[in-house]
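S.K.: fold the following for me, if possible:
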Amino acid sequence: MKALKAIKNNIPNTITCLNLFAGTMACVFALKGNQPVTECFVSYEVAFIFIALAAVFDFCDGLLARLLNSVSPIGKELDSLSDCISFGLAPALLLYATMENFNPGAVANYSAFLIAVFGALRLAKFNIDTTQSCVFKGLPIPANAIFWMGCVNLCYEKADMNVGVYALIIVFCLLMVCNIPMFSFKMKSFSIKDNWYRYLLIAIVVALLATMGVTGLFYAVLAYVILSLCVR
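M.R.: Predicted coordinates:
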């Protein structure tokens with residue numbers, strides 16, 4: 001029985017470790033920039049896939065922990081450490097490699113690593129704040145990573161990166177550590193009246209992905225921020 005209990009308690013942590021593994025793989029491919037991997041993919045697109053997988057694992061570990069009643073302090077800390085790599089360092093490396101591709105050797109390219117720094121600050125604040133269950137304070141770090149996936153894809157689509165990216169780095173770093181309320185997808189009911197903004201965002205995301213592909217993620221996160229400001 002003790003062995004079965006130990007296995008049950010460690011299932012969520014195993015999923016969290018898969019999140020971390022996916023994040024480290026995203027870092028590897030992010031550094032390769034736009035080098036071909038196969039006939040179908042280039043390195044930054046493979047990095048996108050691993051960040052997306054990390055997000056799926058990040059969602060599943062918390063869900064399983066609640067379902068199995070195996071929430072633990074070590075699981076919480078492991079989750080934050082994994083998120084720091086998957087949604088902090090990985091998108092920072094992704095953006096840095098993109099900057100280097102369009103503007104090689106520029107000192108300003110290192111500003112991309114502010115994403116990792118402020119991501120860590122965001123997670124540290126989250127861990128000591130017990131009020132962020134149904135409403136977040138500031139932009140969640142996975143949403144920030146998703147935004148930069150869309151931004152990088154947009155840069156490669158346009159074959160250009162302008163100075164506006166540096167302003168976006170500052171804005172989104174500040175968004176992660178600010179106290180602006182932003183809604184989560186933890187719903188007490190499926191009522192349209194109570195969750196209209198969540199359903200609206202889902203519809204927007206689906207439409208953007210269907211019409212714009214990965215670039216749609218850039219606009220989807222902007223829509224999330226705007227909707228969060230509207231329902232404060």
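S.K.: what residues are up against the residue positioned nearest the centre of the chain?
M.R.: Central residue of the chain (Cα atoms, centre = their mean): residue 142, 2.1 Å from the mean position. For residue 142, the contacting residues are 55, 58, 83, 87, by Cβ atoms under 8 Å, 6 or more residues apart in numbering. C-beta: built from backbone N, CA, C; applies to glycine.
S.K.: was I right about residue 198 contacting residue 182?
M.R.: No - using Cβ atoms under 8 Å, residue 198 makes no contact with residue 182, being 11.8 Å away.
S.K.: higher neighbour count, the two?
M.R.: residue 182 (21 against 18; other Cβ atoms under 10 Å).
S.K.: how close does residue 87 get to residue 50?
M.R.: 11 Å (Cβ to Cβ, to the nearest Å).
S.K.: between those two, which contacts overlap?
M.R.: Contacts common to residue 87 and residue 50, judged by Cβ under 8 Å, 6+ apart, are residue 23.
S.K.: out of the two, which sits in the busier spot?
M.R.: Neighbour tally, residue 87 and residue 50, criterion other Cβ under 10 Å: the higher count belongs to residue 87, 30 against 21.
S.K.: check which residues of stretch 141-156 are buried.
M.R.: 141-156 (16 or more other Cβ atoms under 10 Å).
S.K.: out of those, list just those in helices.
M.R.: Within the buried residues of stretch 141-156, residues falling in helices by DSSP state H are 141-156.
S.K.: most surrounded residue in the contacts of residue 142?
M.R.: residue 87 (30 neighbours).
S.K.: OK, contacts around that one?
M.R.: Neighbours of residue 87 in contact, by Cβ under 8 Å, 6+ apart: 23, 51, 54-55, 58, 119, 141-142, 144-145.
S.K.: a markdown table please, covering those residues and showing pLDDT.
M.R.: Formatted as a markdown table, these follow (pLDDT from 0 to 100):
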| residue | pLDDT |
| --- | --- |
| 23 | 97 |
| 51 | 97 |
| 54 | 96 |
| 55 | 94 |
| 58 | 91 |
| 119 | 96 |
| 141 | 95 |
| 142 | 94 |
| 144 | 96 |
| 145 | 97 |
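S.K.: from the chain's centre, how far out does the biggest helix by length in the chain sit?
M.R.: In the chain, assigned by DSSP H, the helix with the most residues is helix 2-31. Centre-to-centre, helix 2-31 and its host chain are 16 Å apart (Cα atoms, centre = their mean, to the nearest Å).
S.K.: average pLDDT across stretch 33-47?
M.R.: Averaging pLDDT along stretch 33-47 gives 88.
S.K.: and the end-to-end length of that stretch?
M.R.: 9 Å (Cα to Cα, to the nearest Å).
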